[in-house]
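K.L.:
pasting a predicted model and its sequence here:
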Amino acid sequence: MIGRYYDFDAQTAAEVVPVMQDRVGNFGSNERDFMRDSAIGFCEWNCGNYYYHSRDAFARSMIRNGLLEVID
């Protein structure tokens with residue numbers, strides 16, 4: 001998933017989580033496990049801090065670390 005660009009429309013940045021989960025095809029895990037596993041991978045990739053206690057926190061972490069961009 002890292003390094004691939006994908007555009008989607010959403011009302012909030014937090015809506016990226018189910019979109020990511022669908023694109024990865026990680027249907028066996030629940031959303032919290034998916035966010036945790038993604039955060040671990042992102043931390044290893046760019047040494048950033050990622051919070052995953054909520055969709056919103058995870059999306060904000062990805063924005064702060066340059067993995068997600070919000071365009072109005």
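P.N.:
Cool, got the structure.

K.L.:
packing partners of the longest helix belonging to the chain?
P.N.:
Secondary structure of the chain per DSSP state H: the longest helix is helix 31-46. Under the contact criterion of 3 or more C-beta pairs under 8 Å, 6 or more residues apart in numbering; DSSP states H and E, helix 31-46 touches helix 16-24, helix 55-64. For glycine as for every other residue, the C-beta is placed from the backbone atoms N, C-alpha and C.

K.L.:
any idea how many residues pack against the nearest residue to Gln21 once chain neighbours are set aside?
P.N.:
Distances taken as C-beta to C-beta, 6 or more residues apart in numbering put Phe34 closest to Gln21, at 5.1 Å, once the chain neighbours are dropped. Residue neighbour count, defined by other C-beta atoms under 10 Å, stands at 20 for Phe34.

K.L.:
go on, Glu15?
P.N.:
Counted with other C-beta under 10 Å, Glu15 comes out at 15.

K.L.:
report the contact partners of it.
P.N.:
Shown in contact with Glu15 (C-beta atoms under 8 Å, 6 or more residues apart in numbering): 8, 55.

K.L.:
quickly note the distance from the residue nearest to Gln21 to Asp72.
P.N.:
In this view, Phe34 and Asp72 are 27 Å apart by C-beta to C-beta, to the nearest Å.

K.L.:
then Asp37?
P.N.:
Counting by C-beta to C-beta, the gap from Asp37 to Asp72 is 30 Å.

K.L.:
what are the buried residues along the worst-scoring helix or strand of the chain on mean pLDDT?
P.N.:
In the chain, no helix or strand scores lower on mean pLDDT, DSSP states H and E than helix 16-24, which sits at a mean of 82. Residues 16-17, 20-21 are the ones in helix 16-24 that count as buried (16 or more other C-beta atoms under 10 Å).

K.L.:
counting contacts, what elements does that helix pack onto?
P.N.:
helix 31-46, helix 55-64.

K.L.:
determine which of these approaches Thr12 most closely.
P.N.:
With respect to Thr12, and counting by C-beta to C-beta, the nearest of the helices and strands packed on helix 16-24 is helix 55-64 at 7.2 Å.
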